[in-house]
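In: what follows is a predicted protein model with its sequence.
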Amino acid sequence: MTILEKAIETYGKDMQLTVAVEEFSELIKEICKSKRGRDNRDNIIEEMVDCYIMLEQLAIIFDISTDEIGEWLDIKFTRLENRMAERTQNEKND
């Protein structure tokens with residue numbers, strides 16, 4: 001059993017889902033502080049790591065495989081690439 005599986009077993013799925021929401025909101029808060037000019041790079045890194053850990057736990061909780069995540073990453077990266085190409089083309093036409 002991994003440490004993440006043990007955390008889910010120890011605290012329960014519902015609590016870990018709540019913690020995930022809390023961690024994501026803490027990252028949002030740090031990003032907002034940065035946008036207001038605060039030098040909080042280390043805080044952003046720490047919160048990103050917390051979110052990464054919670055994303056891993058979400059994959060366990062919802063039984064999502066790394067293959068499924070990889071497939072969706074491919075889809076999302078392709079979509080982003082297409083949107084950027086479209087934007088570049090539109091800017092050239094303006």
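Out: Sure, I can see it. Numbering: from 1, shown residues only.
In: switch to C-alpha atoms for all contacts and neighbour counts from now on
Out: Fine.
In: so which bits of the worst-scoring helix or strand of the chain on mean pLDDT are buried?
Out: Least confident helix or strand, the chain: helix 66-93 with a mean of 95, by mean pLDDT, DSSP states H and E. When burial is assessed from 16 or more other C-alpha atoms under 10 Å, helix 66-93 yields no buried residues.
In: same question for stretch 49-60.
Out: Residues 50-51, 54, 57-58 are the ones in stretch 49-60 that count as buried (16+ other C-alpha under 10 Å).
In: closest one to I28 out of those residues, please.
Out: Ranked by distance to I28 (C-alpha to C-alpha), the buried residues of stretch 49-60 are led by C51 at 10.6 Å.
In: quick one: contacts for the closest one?
Out: Taking C-alpha atoms under 8 Å, 6 or more residues apart in numbering, we find C51 in contact with 20, 23-24, 27.
In: from D39, how far off is it?
Out: Relative to D39, C51 is positioned 20 Å away (C-alpha to C-alpha, to the nearest Å).
In: that older thread, turn the buried residues of stretch 49-60 into a markdown table, columns for distance to M1.
Out: Converted to a markdown table, the buried residues of stretch 49-60 look like this (distance: C-alpha to C-alpha, whole Å):
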| residue | distance to M1 |
| --- | --- |
| D50 | 20 |
| C51 | 21 |
| M54 | 17 |
| Q57 | 13 |
| L58 | 16 |
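In: which one of those is nearest to K92?
Out: Distances from K92 to the buried residues of stretch 49-60, taken by C-alpha to C-alpha, are shortest for C51, at 38.2 Å.
In: tell me the pLDDT of the closest one.
Out: At C51, the pLDDT value in this model is 98.
In: host element of it?
Out: Element membership for C51 (DSSP states H and E) is helix 41-61.
In: hang on, the earlier thing: narrow the contacts of C51 to those in helices?
Out: Among these, the members falling in helices are 20, 23-24, 27 (criterion: DSSP state H).
In: save those residues as a markdown table, and put in pLDDT, distance to N43 and neighbour count too.
Out: A markdown table is the format used below for the ones in helices among the contacts of C51 (pLDDT from 0 to 100; distance: C-alpha to C-alpha, whole Å; neighbours: other C-alpha atoms under 10 Å):
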| residue | pLDDT | distance to N43 | neighbour count |
| --- | --- | --- | --- |
| A20 | 98 | 17 | 20 |
| E23 | 98 | 12 | 20 |
| F24 | 98 | 13 | 17 |
| L27 | 98 | 8 | 20 |
